[in-house]
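Engineer: Based on what follows, work out the 3D shape:
(chains A and B)
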Amino acid sequence: MTATLVEIRDAIRSRRTGAREWVEQAIAAIERLEPQLRALVSYDADRARKLAREVDERIARSQEVGPLAGAPLLVKDNICTRFGPTTCASKILENFQAPYDAHVVERLEAAGAIILGKTNLDEFAMGGSTENSAMGPTRNPWALDRVPGGSSGGSAAAVAAGMVPAALGSDTGGSIRQPASFCGITGLKPTYGRVSRYGLVAYGSSLDQIGPFARNVRDAALLLEIIAGHDSRDSTSVNSPVPRYTAALDTPLDGVRIGYAEEYFGEGLDPEVRQAVEAALDVYRSAGATVVPIHLPHTKYCIACYYLVATAEASSNLARYDGVHYGHRTAAPEDYIDVYCASRQEGFGPEVRRRIMLGTYALSSGYYDAYYLKALKVRTLIKQDFEQAFGQVDVIACPTAPTPPWVIGEKINDPLAMYLMDVYTVSANLAGIPGISIPCGFSGAGLPIGLQLLGPHFAEERLLRIAHEYQRHTDWHTRAPQIAAG
Amino acid sequence: MPGKIDDAQVRHIAMLSRLKPTEEEVRLFSEQLSTILAYFDQLSEVDTTQVPPTAHALPVSNVFRPDEPHVPFGPDQALANAPRRDGDFFAVPKVLDQESA
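Structural biologist: A predicted model of the protein is given here:
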């Protein structure tokens, strides 16, 4: 399936192609590709067919339908749905059935979208490759021996391979933008607070944000319009009006100032990635934008800062998995403490345990000031870097990831090397600002490369407009991997 | 080079984290966590004497909502995912042994 969300919506509403046909196409693509890609944790074809029939019946009777009526979508499996399991790709939640729908699921379904299933991820969204999944790794549709990125690797691979036109993921340190880059699609992390986190299984609560994956910026804008907005069940959800993001996309770029921070083009950046991103800046120059040098001096501390904040929050959030009320419980505990220890040891994979221990250490007596509190202070400086930069420019352009996707297994035994791959994405989460990744080329080996644009708080409208302008001048976003053609 | 964190500390943190690593894992984690913590130490270069901490990028405080009654989960919904259920209760392994009971 290569149709976009907007094309599918228009075809269904104008009665050219029914919802049932789109859903059947998506199911056929999933059945054909899933044995190779392993992008999904679960899906329910019968439920999707039933919902599609309902949409088609409403349209046949000329009844009102929502703006996404009949569009088949997938959501990451750390987003709660009343249908099917919600596993977070963890053994500890293997049999967990969420008792409620996440806010974004309510919004999508109210808009008429058909959620076909749940996508694979690094366990509890902890990772950048989808290798840390208890269900096994997802493969990159552009090169099956390579990672799709992560943690929302299943959503990114599914959209890139043409299973569905769009999907939702979550981004705590780059988990939407980096897999979008690795799979050659568009992925947006909204401003912290723009989309309700109600029903998103918590990893780092001050960093987590839900956002869309799509084939182009217009579809991402359409999805954001639907999922953004206030929800009193998430006290950090911001009560400000949601702009019509799709309406602003075609405003010309004249006078737009794009920031270029040399800190994002230094050591460790793959030369092919650098070349593709520099070429993207030339596209913007020709479109009437000005590229302005800026500085983000605390960039070199962002990985240390992020991994202290995120693991500290994770160690606290994941304390709830105690084997008592839900989730895995060990079969034969030695004593009552062992109910907790053995259940958690058996239920969590190695990366989750590593992060819980790091966070516990950073919060423990004697180390709190040197690690956790210090990281919160450096976080202030990273946030101030962006505030100063956005005094001079409208957006910042940089690579999404320092390299193209790596081979599965290549970095799995070196956690620090894996963390360092997040160098361009984590700062946006620390500062709470929005970021988008769009395809901007391919390496010599045919692997996708992503351009990241970062904007100030609540500047999604501007970010989407500037990203869309790039897609008006280029066709990287229209390329699909061979596997999608079947 | 001595690690930042030795096997005994790893065992202590594992207990605080309510985890139960194998001896092999204790050795692996002490090595890996030492490398990661040594990397984190670069934060000490940054002068933060006058810098306040940021726990949330967008400070929000005193968020209120109307105090409206709603229907909470019933026992069946609340207990649906229980590892073991006994009537309307979560069943857990016995906490106290016979002598201390």
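
Engineer: hey, let's count contacts and neighbours off CA atoms from now on
Structural biologist: Noted.

Engineer: what does the stretch 101-250 of chain A put close to chain B?
Structural biologist: Residues of the stretch 101-250 of chain A lying close to chain B (CA under 8 Å from any CA of the partner chain) are A:192-193, A:206, A:232, A:235-236.

Engineer: Sort out which of the residues you listed are buried, if you could.
Structural biologist: A:192-193, A:206, A:235-236 (16 or more other CA atoms under 10 Å in any protein chain shown).

Engineer: Please convert these to CSV, extending it with secondary structure and pLDDT.
Structural biologist: Shown next, in CSV, are these (DSSP: H, G, I helix; E, B strand; the rest coil; pLDDT from 0 to 100):
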residue, secondary structure, pLDDT
A:Tyr192, coil, 98
A:Gly193, coil, 97
A:Ser206, coil, 97
A:Ser235, coil, 93
A:Thr236, coil, 95
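
Engineer: isn't A:Leu296 right next to A:Ala389, touching?
Structural biologist: Yes: checked against CA atoms under 8 Å, the pair A:Leu296 and A:Ala389 is within contact range at 7.4 Å.

Engineer: what sits in contact with each of these two?
Structural biologist: Common contact partners of A:Leu296 and A:Ala389 (CA atoms under 8 Å, 6 or more residues apart in numbering or on different chains): none.

Engineer: so where do the strands sit in chain B?
Structural biologist: Secondary structure of chain B (DSSP state E): strands at B:85-86, B:89-90.

Engineer: between those, which one is nearest to chain A?
Structural biologist: With respect to chain A, and counting by CA to the nearest CA, the nearest of the strands of chain B is strand B:89-90 at 6.6 Å.

Engineer: Identify all contacting residues around the closest one.
Structural biologist: Here strand B:89-90 has contacts from A:324-325, B:79, B:82-84, using CA under 8 Å, 6+ apart.

Engineer: Repeat that for stretch A:345-362.
Structural biologist: Counting by CA under 8 Å, 6+ apart, A:90-93, A:123-124, A:126-127, A:132, A:134, A:308-316, A:318, A:328, A:330, A:367-368, A:371-372, B:13-14, B:16-17, B:19-21, B:29, B:33 sit against stretch A:345-362.

Engineer: Check the residues you listed for burial and list the buried ones.
Structural biologist: A:90-93, A:123-124, A:126-127, A:132, A:134, A:308-316, A:318, A:328, A:330, A:368, A:371-372, B:13-14, B:17, B:19-21, B:29, B:33.

Engineer: Is the residue nearest to A:Val426 when sequence neighbours are not counted part of a helix or strand, or is it coil?
Structural biologist: Once flanking residues are discounted, A:Val426 sits nearest to A:Gly173: 4.3 Å by CA to CA, 6 or more residues apart in numbering or on different chains. Secondary structure, DSSP: H, G, I helix; E, B strand; the rest coil: A:Gly173 is coil.

Engineer: contacting residues around A:Gly173?
Structural biologist: Per CA under 8 Å, 6+ apart, neighbours of A:Gly173: A:207-208, A:306, A:422, A:425-429.

Engineer: what's the most distant pair in the residues you listed?
Structural biologist: Farthest pair in the contacts of A:Gly173 (CA to CA) is A:Asp208 and A:Asp422. Separation: 15.0 Å.

Engineer: And these two? Which one has more around it.
Structural biologist: A:Asp208 (27 against 22; other CA atoms under 10 Å in any protein chain shown).

Engineer: hmm, back to that, quick check on the residue nearest to A:Val426: phi, psi?
Structural biologist: Note on A:Gly173: backbone dihedrals following degrees, to the nearest 10 are phi -150, psi 20.

Engineer: Check the spacing between it and B:Pro21 real quick.
Structural biologist: Going from A:Gly173 to B:Pro21 by CA to CA, to the nearest Å gives 27 Å.

Engineer: Contacts for whichever strand or helix holds A:Gln178, please.
Structural biologist: Using DSSP states H and E, A:Gln178 maps to helix A:177-183. The contact list for helix A:177-183, computed with CA under 8 Å, 6+ apart, reads A:128-129, A:140-142, A:147-153, A:156-157, A:160, A:171, A:186-189, A:213, A:400-401, A:404-405, A:425, A:435-439, A:447-452.

Engineer: so of these, which ones are in strands?
Structural biologist: Those of the contacts of helix A:177-183 lying in strands (DSSP E): A:171, A:186-189, A:213, A:435-439, A:448-452.

Engineer: between these, which is nearest A:Ser240?
Structural biologist: A:Lys189 (17.5 Å).
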